[in-house]
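Student: Show me how the following folds:
(one chain, ligands or ions: 2)
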Amino acid sequence: MSSADRLELHHLDHDHAALGTALDELERNLGRLVTAEDFDHLDAIAHLIKHEVTQHFPREEALVATVLGEDSLLLRHIARDHDVLGAEARDFFDLAERIRTEVLVDRAEVVDAAAALLRGLRRHLRMEEAELVPALRARIDPPPPG
Ligand SMILES: [Fe+2]
Ligand SMILES: [Fe+2]
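Tutor: Ligands and ions are numbered 1, 2, ... in the order given. Okay, here's the model as predicted:
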């Protein structure tokens with residue numbers, strides 16, 4: 001495997017670690033969304049999700065396609081997850097936009113949508129750390145023979 005793949009895997013590790021930390025922090029503070037004035041927390045969640053959907057997902061899929069193959073089961077599995085999370089993210093962005101434009105939105109609905117999305121991202125991250133990352137590492141950095 002090429003050193004570019006190794007570098008991409010390193011980047012993916014770094015992104016996953018940052019995502020884990022951000023999820024902890026955002027979930028701990030979900031209650032702040034109940035306060036109508038707290039746009040900062042809403043922005044923080046929206047920013048994280050935007051990074052995941054627009055940067056992390058495509059980059060990850062490209063690495064998996066290169067290392068495990070376009071037809072690999074794992075690629076199909078994560079791409080399906082990315083599609084579902086992407087659709088949920090679009091709904092969340094709509095909701096956030098309605099709040100910003102002062103359309104009356106039930107705060108409980110916002111908290112539920114954010115909580116569900118963060119839970120979905122965490123489930124996805126756990127699956128990738130358990131299945132995807134080891135499979136990539138085994139191909140990129142195989143243990144020495146013997
Ligand atoms: Fe992913
Ligand atoms: Fe990932």
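
Student: so does the strand or helix carrying Arg76 get close to ligand 2?
Tutor: In the assignment (DSSP states H and E), Arg76 maps to helix 73-100. No: applying CB under 5 Å from the ion, one finds that helix 73-100 is not in contact with ligand 2, the shortest distance being 7.4 Å. Any C-beta I mention is one placed from the backbone N, CA and C, and that applies to glycine too.

Student: and the angle from whatever helix or strand comes next after that helix to helix 73-100?
Tutor: Per DSSP H and E, helix 73-100 leads on to helix 107-127 as the next helix or strand towards the C-terminus. Per axes from the mean of the first three to the mean of the last three CA atoms, to 10 degrees, the angle that helix 107-127 makes with helix 73-100 is 160 degrees.

Student: Following element in sequence after helix 107-127, please.
Tutor: Going down the chain from helix 107-127, the next helix or strand is helix 133-140, by DSSP H and E.

Student: Could you list the alpha-carbon positions for the least confident helix or strand in the chain by mean pLDDT in CSV?
Tutor: Counting by mean pLDDT, DSSP states H and E, the weakest-scoring helix or strand in the chain turns out to be helix 39-51, with a mean of 84. Taking only C-alpha atoms (Å, rounded to 0.1, in the frame of the first residue of the first chain), the coordinates of helix 39-51 have been written out as CSV:
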residue,chain,number,x,y,z
PHE,A,39,-27.4,29.8,18.9
ASP,A,40,-23.8,29.0,19.7
HIS,A,41,-24.5,25.4,20.7
LEU,A,42,-26.8,24.9,17.7
ASP,A,43,-23.9,26.3,15.5
ALA,A,44,-21.4,24.0,17.1
ILE,A,45,-23.6,21.0,16.3
ALA,A,46,-24.3,22.1,12.8
HIS,A,47,-20.6,22.8,12.2
LEU,A,48,-19.6,19.3,13.3
ILE,A,49,-22.3,17.6,11.2
LYS,A,50,-21.4,19.7,8.2
HIS,A,51,-17.8,18.7,8.5
